[in-house]
Structure formats: C-alpha cells, structure tokens
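Asker: Output the structure for:
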Amino acid sequence: MPDFIVEEIKEALLVMAYGMALTFSYDLLRIIRRIIKHCNVAVSVEDIIFWLFVSYTTLVFIIKIDDGGLRIYFFIGLICGITLYKTVSKFILKKLTELFTIRKKKMDNFILSIVETK
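Answerer: Coordinates of the predicted model:
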C-alpha cells in the first residue's frame, strides 16, 4: 500500500479516536451534572466553556494532523468516532455515574464525620 494512503488511514483513525474522546469528555460533564445539581445559568456557562475548549482543541488538532487542511475523511472519521462511542456510552455512562455517586457519598460521609467531631 502506498505510504500516503497508510498516513491517511492513520489520520482517519486518530480523528475517530478524537471524536470518541470529545464525546466521552462531554459525558463526564453530564455525569457531574447528574451528581451535583446545577442551576440553568451554571449549565449554560459550563456548556460555553466546554464548546470553546472543543473548538480550540479541534482547531489545534486539525493543524497538527493535516496542516490545517480540512478533508472529508476528517468529518467522516469524527462522525464515526462519535457514533461508535455512542453505541457503548449508555453502559459507560451508567457505570461511571454509579462510581462517582458512590465516591461522592463516601466523601460526604467523611466530611460530615469531621464536622461532627468538632
């Protein structure tokens, strides 16, 4: 296989992984929102910060991967990565929410025990 095709396949796989990572990072934000209740203003501010971060990192990623050139396989790889993650995210989201909820309860109990001893 020619070298340039191998490079483009590598780039497409990197873009898929990037799409999965972005979707996973938003799921982490959703988990935090499930555990710690937020008002609408806080959710809006978090979303703005998240999407600014995503925009910046995507721009840097495009520049690093393909010298700033947008190619169709970038968008296809991104959509494939997001779709692939979404097929398994319900399970991951549920397990991570349970894990973080247990940790939060333990932390709340620990803080409560410290406060009660004083």
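
Asker: Could you check how far the helix or strand harbouring residue 27 is from the centre of its chain?
Answerer: Using DSSP states H and E, residue 27 falls within helix 3-35. Put simply, helix 3-35 sits 8 Å off its chain's centre (Cα atoms, centre = their mean, to the nearest Å).

Asker: Give me the average confidence score over that helix.
Answerer: Here helix 3-35 scores 86 as its mean pLDDT.

Asker: helix or strand right after it?
Answerer: helix 40-66.

Asker: which helices and strands does that following helix pack with?
Answerer: helix 3-35, helix 72-117 (3 or more Cβ pairs under 8 Å, 6 or more residues apart in numbering; DSSP states H and E). Every C-beta, even on glycine, is put in place using the N, C-alpha and C of the backbone.

Asker: Among these, which comes closest to residue 49?
Answerer: helix 3-35 (9.5 Å; Cβ to Cβ).

Asker: which of the residues in that closest one are buried?
Answerer: 11-12, 14-16, 18-20, 22-23, 26-27, 31 (16 or more other Cβ atoms under 10 Å).

Asker: what's the angle from that helix to helix 72-117?
Answerer: Put simply, helix 3-35 runs at 30 degrees to helix 72-117, going by axes from the mean of the first three to the mean of the last three Cα atoms, to 10 degrees.

Asker: residues near the closest residue to residue 27 other than its chain neighbours, how many?
Answerer: Counting by Cβ to Cβ, 6 or more residues apart in numbering, residue 27 lies nearest to residue 93, which is 5.4 Å off, once chain neighbours are set aside. Using other Cβ atoms under 10 Å, residue 93 has 16 neighbouring residues.
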